[in-house]
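Novice: dropping the sequence and predicted coords here.
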Amino acid sequence: MSYIVPIGPYHPALEEPIHAKLYTEGEVIKDAKVFVGYNHRGIEKLATERNAIQTLVLVERVCGICSHSHALTYAMCVESINGIQVPKRGDYIRVITAELERLHSHFLWLGIACHIIGHDSMFMHIWDERELVMDILEKMTGNRVNYAMVTIGGSRRDISDDLRREILDACDKLKAPLDRITEIAVTDKTIAMRTKGVGVLTREDALRMGAVGPHARASGVDIDVRRDAPYSAYGDFEFNVPVVDSGDVYARVVVRALECYESIKIIRQALENLPEGPINLGNKLVKIKEGMAVCRHEAPRGQLSHMVVGDGSLNNHRVSVHVPSYKNTPTVPFMLRGNTVADAGLIIASIDPCFSCLDR
Amino acid sequence: MQEYKRIDIQKDQIVPIAERMRKNGVYLVMIHGFLNKEGLLDVSWDYAVDPAIESYHVVGEMELPSIGEIYDTAATWPERELNELFGVTFEGLDMSERLFLPEDMLETQGRGHIMVTPLSELVDNMKKEGKE
């Protein structure tokens, strides 16, 4: 029997609204369609009525998980248009915040993935360890989300020597739980049975549809903006880009777990070599010169791009925000085909979607 | 600082450039659009020619060729978005379904309404309609 099974836009298996139509033969999904646009907030339009500092506050609210990524990418665009060189220490602090953000985002996703497959003890264990990262972020920035660490020309808050040692200690403390989480994620039979061979995206499909981030790297696509087009202080650090070929949900679990180690490695290098000097150029409100720039940042979910057009006034002429989920969501129907309805929620969640980000 | 190269082209160059980029394994970062100071639509196809971004611009055209055959959804989603926000049409692109804007808004106010109308005017219109 053929059925059309609707999922969402509001559904217990979905953290945010998206509508999927599954065209099924019995339990098997033959085709699928996804519909977005349930969170459109007109962020880009609002940005045209705001100056650079106000826009930093606005774009941070595009997403609660990768708020720093948005502020960083917007600031990079304005700095590029105006020819502003960020002090080295400011760049290092930006990178530390970005990698802490990646850590908490990956822990969050790993926890949710375990919750969806019914491994709730693992979900609670991972989220418990995530609190260590959240505590550090709160100490550094004063906030658990929307860190407000970026200003045009640098970072807004410095890292004291005490805090530097505390973050290094936290990196040490994270090592054992991360080893344990990775071991369970990679070897646990329950996780393997629910994720291996499920929701496969081939390398060719990933390339053709422009999949990005851990989602693409789990399909054997070796891309990472931090390495391929170094920005901020990323050129100063050594790190690996984990790539797995199998393209299934299991590969996405493995890639994200391995990326946590690389983030810790980058944070450690940045803290151990934190340069002396100013963190910003004085928090001044700048006019955005006539011109435009497109900048990219490797956000936790993949390549994030902002376009900013300036006309010489204080306000933006145009801001355009495109997030990793914009590229990864269209791959979902391809991943759903041939799988069962029971796995649909997990497959949709496996791209680590952020539909608030996507709709802006 | 990431390098950004602006290159102005004619619209008949859009497809050959996309084919060359795809053949070379270059990622399409995004297709962007904005109204310039003269009120003309400036559409750019931004490619990640690492470490730089090569940005190919076509200005003042409201009918453009689609590169959906070459870059699949990496191109068709931004093309559909530009159609909704600016009203620009892409030859060969299926625009029968909405992407971001509600269907009733597209029906009653038309494609391109949001981006080309100043925010203050949009707010005034909503107040007149009794919406907060």
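Specialist: On my side now, so go ahead.
Novice: can you name the next helix or strand after the longest helix seen in chain A?
Specialist: When chain A is parsed with DSSP state H, its longest helix is helix A:88-116. Counting by DSSP states H and E, the next helix or strand C-terminal to helix A:88-116 is helix A:120-141.
Novice: can you map out the helices along chain B?
Specialist: Using DSSP H, the helices of chain B run over residues B:14-23, B:68-71, B:73-86, B:103-109, B:113-116, B:119-128.
Novice: closest to A:Val200 out of those?
Specialist: Among these, helix B:73-86 comes nearest to A:Val200, with 17.4 Å by CB to CB. C-beta: built from backbone N, CA, C; applies to glycine.
Novice: show residues contacting that closest one.
Specialist: A:208-210, A:322, A:326-327, A:330-331, B:18, B:27-28, B:30-33, B:35, B:41, B:43, B:66-68, B:88-90, B:93-95, B:98-101, B:106, B:111-112, B:114-116 (CB atoms under 8 Å, 6 or more residues apart in numbering or on different chains).
Novice: can you tell me the element the nearest residue to A:Ile351 once chain neighbours are set aside falls in?
Specialist: Once flanking residues are discounted, A:Ile351 sits nearest to A:Asn328: 4.3 Å by CB to CB, 6 or more residues apart in numbering or on different chains. Assigned by DSSP H and E, A:Asn328 falls within helix A:324-328.
Novice: check which helices and strands that helix sits against.
Specialist: Applying 3 or more CB pairs under 8 Å, 6 or more residues apart in numbering or on different chains; DSSP states H and E, we find helix A:324-328 packed against helix A:213-217, strand A:302-310, helix A:355-359.
Novice: now render these as JSON lines, adding distance to A:Glu44, mean pLDDT and mean neighbour count.
Specialist: Converted to JSON lines, those look like this (distance: least, CB to CB, whole Å; pLDDT from 0 to 100; neighbours: other CB atoms under 10 Å in any protein chain shown):
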{"stretch": "helix A:213-217", "distance to A:Glu44": "22", "mean pLDDT": "93", "mean neighbour count": "29"}
{"stretch": "strand A:302-310", "distance to A:Glu44": "10", "mean pLDDT": "93", "mean neighbour count": "27"}
{"stretch": "helix A:355-359", "distance to A:Glu44": "11", "mean pLDDT": "83", "mean neighbour count": "24"}
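Novice: out of these, which gets nearest to A:Val95?
Specialist: So among the helices and strands packed on helix A:324-328, strand A:302-310 is nearest, using CB to CB, at 14.9 Å.
Novice: residues near the closest residue to chain B within the stretch 101-250 of chain A, how many?
Specialist: The nearest approach of the stretch 101-250 of chain A to chain B comes at A:Gly210, 3.1 Å away (CB to the nearest CB). Counted by other CB atoms under 10 Å in any protein chain shown, the residues lying close to A:Gly210 total 26.
Novice: quick check: phi and psi on it?
Specialist: Reported as degrees, to the nearest 10, the phi and psi values for A:Gly210 are phi 70, psi 30.
Novice: let me know the pLDDT of the residue lying closest to it once chain neighbours are set aside.
Specialist: Of all residues not flanking A:Gly210 in the chain, B:Ala74 sits nearest, at 3.1 Å (CB to CB, 6+ apart). Per-residue pLDDT puts B:Ala74 at 89.
Novice: now chain A, which segments are flagged as low pLDDT?
Specialist: Residue ranges of chain A with pLDDT under 70: A:13.
Novice: all the strands of it, residue numbers only.
Specialist: Secondary structure of chain A (DSSP state E): strands at A:2-7, A:19-25, A:28-35, A:150-151, A:154-155, A:291-299, A:302-310, A:316-322.
Novice: who touches the residue positioned nearest the centre of chain A in this structure?
Specialist: The centroid of chain A falls nearest to A:Pro300 when counting by CA atoms, centre = their mean (2.4 Å). Listed by CB under 8 Å, 6+ apart, the contact set of A:Pro300 reads A:65-66, A:69, A:101-102, A:105-106, A:213, A:352.
Novice: and chain B, which of those reach it?
Specialist: Contacts with chain B are made by none of the contacts of A:Pro300, judged by CB under 8 Å from any CB of the partner chain.
Novice: in CSV: those residues, plus distance to A:Arg156.
Specialist: Converted to CSV, those look like this (distance: CB to CB, whole Å):
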residue, distance to A:Arg156
A:Ile65, 20
A:Cys66, 18
A:Ser69, 16
A:Glu101, 15
A:Arg102, 20
A:Ser105, 21
A:His106, 25
A:Gly213, 27
A:Asp352, 27
